[in-house]
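> Structure, please.
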Amino acid sequence: MVVITRRSGETKDSMFRKFSRLFMDENIVDELRKKQYYRKPSIKKREDAKDLMKARARRKRGRMGFFKRREKKI
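This next block holds a predicted model:
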């Protein structure tokens, strides 16, 4: 739940920016979209496995950049 308290001298625009930032950080919209329709447990499991594979591939690509060979100086 997102709660914003108004401080003295704070404008409506700054409060709205703060609210929208917190709202996006909480991923409320994503959760609502996920819960909008029923998904079978087998489909959930399949999607979770797919996300895990993507995360592993991203991590592997990130590590491979560390181990580049250095050129020898002559």
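> going forward, measure contacts between C-alpha atoms and count neighbours the same way
Will do.
> neighbours around residue 30, how many?
Neighbours of residue 30 under the rule other CA atoms under 10 Å: 11.
> ok, and it, which helix or strand is that part of?
Element membership for residue 30, per DSSP states H and E: helix 28-35.
> what's the answer for residue 23, then?
Per DSSP H and E: helix 12-25 holds residue 23.
> which phi and psi does residue 40 have?
With angles defined as degrees, to the nearest 10, residue 40 sits at phi -60, psi 150.
> What is the neighbour count of it?
Other residues within reach of residue 40, judged by other CA under 10 Å, total 8.
> if you average pLDDT over the lengthiest helix in the chain, what comes out?
Looking across the chain with DSSP state H, the single longest helix is helix 41-64. Here helix 41-64 scores 90 as its mean pLDDT.
> Which positions within that helix qualify as buried?
Buried residues in helix 41-64, counted by 16 or more other CA atoms under 10 Å: none are found.
> Then stretch 9-28?
For stretch 9-28, burial by neighbour count (16+ other CA under 10 Å) applies to 19, 22.
> mean confidence score for the helix holding residue 23?
When pLDDT is averaged along helix 12-25, the result is 92.
> Hey, what's the angle from that helix to helix 28-35? Just curious.
Relative orientation of helix 12-25 and helix 28-35, computed by axes from the mean of the first three to the mean of the last three CA atoms, to 10 degrees: 40 degrees.
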